[in-house]
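In: Sequence and predicted structure below; questions after.
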Amino acid sequence: HFNPKWSPLYVLCQFVGGALAAGVFRLVRSSNFTDLKETTEGAMILSEFLGTYMLVLTVGLNVLSNSPAGAFSIAASLMCMIYALGSVSGAHFNPAVSLAVLLSGRAPDMTLKRAAGYV
């Protein structure tokens, strides 16, 4: 049921959400907006947080709604986060993956400090 008295609030919320998304994008992709071409540690940790948050949110909503297509929506969410944030942090999105990468030594830039930040 449409109620026009709520329209200004709806439009305001859309603008606030867009501004927040633009701000987070600027934080995660800070190297696009500065002369520095290296990704900062904060941007990496923020991108891991965002990816993990979206993955946990998707799994939780599928469990709460008893969705028969949970595997598809979880895979789609994970794929989108990997494509969006993989070039920033490596897209681990799971503490077990970060620990495995650290212990295997396959990524020389994965230090104990970085792995702790990812967890």
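Out: Ah, there it is.
In: Which strands or helices does the longest helix along the chain pack on?
Out: If you go by DSSP state H, the chain has its longest helix at helix 41-65. Here helix 41-65 touches helix 7-28, helix 70-89, helix 112-118, going by 3 or more Cβ pairs under 8 Å, 6 or more residues apart in numbering; DSSP states H and E. Heads up, the C-betas are built off the backbone N, CA and C, glycines and all.
In: got the angle for that helix vs helix 70-89?
Out: Using axes from the mean of the first three to the mean of the last three Cα atoms, to 10 degrees, the direction of helix 41-65 lies 180 degrees away from that of helix 70-89.
In: neighbouring contacts of helix 41-65?
Out: Residues from elsewhere that reach helix 41-65 (Cβ atoms under 8 Å, 6 or more residues apart in numbering): 24, 27-31, 67, 70, 73-74, 77-78, 80-82, 84-85, 88-94, 98, 114, 117-118.
In: Repeat the analysis, applying 6 Å as the threshold.
Out: Helix 41-65 has contacts (Cβ atoms under 6 Å, 6 or more residues apart in numbering) with 27-28, 30, 70, 73-74, 77-78, 81, 85, 88-89, 93, 117-118.
In: List the buried residues for that helix?
Out: For helix 41-65, a neighbour-count test (16 or more other Cβ atoms under 10 Å) marks 43-52, 54-55, 58, 62 as buried.
In: how about the residues you listed in CSV, adding distance to residue 109?
Out: Formatted as CSV, the buried residues of helix 41-65 follow (distance: Cβ to Cβ, whole Å):
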residue, distance to residue 109
43, 14
44, 10
45, 14
46, 17
47, 15
48, 14
49, 19
50, 20
51, 18
52, 20
54, 24
55, 23
58, 28
62, 33
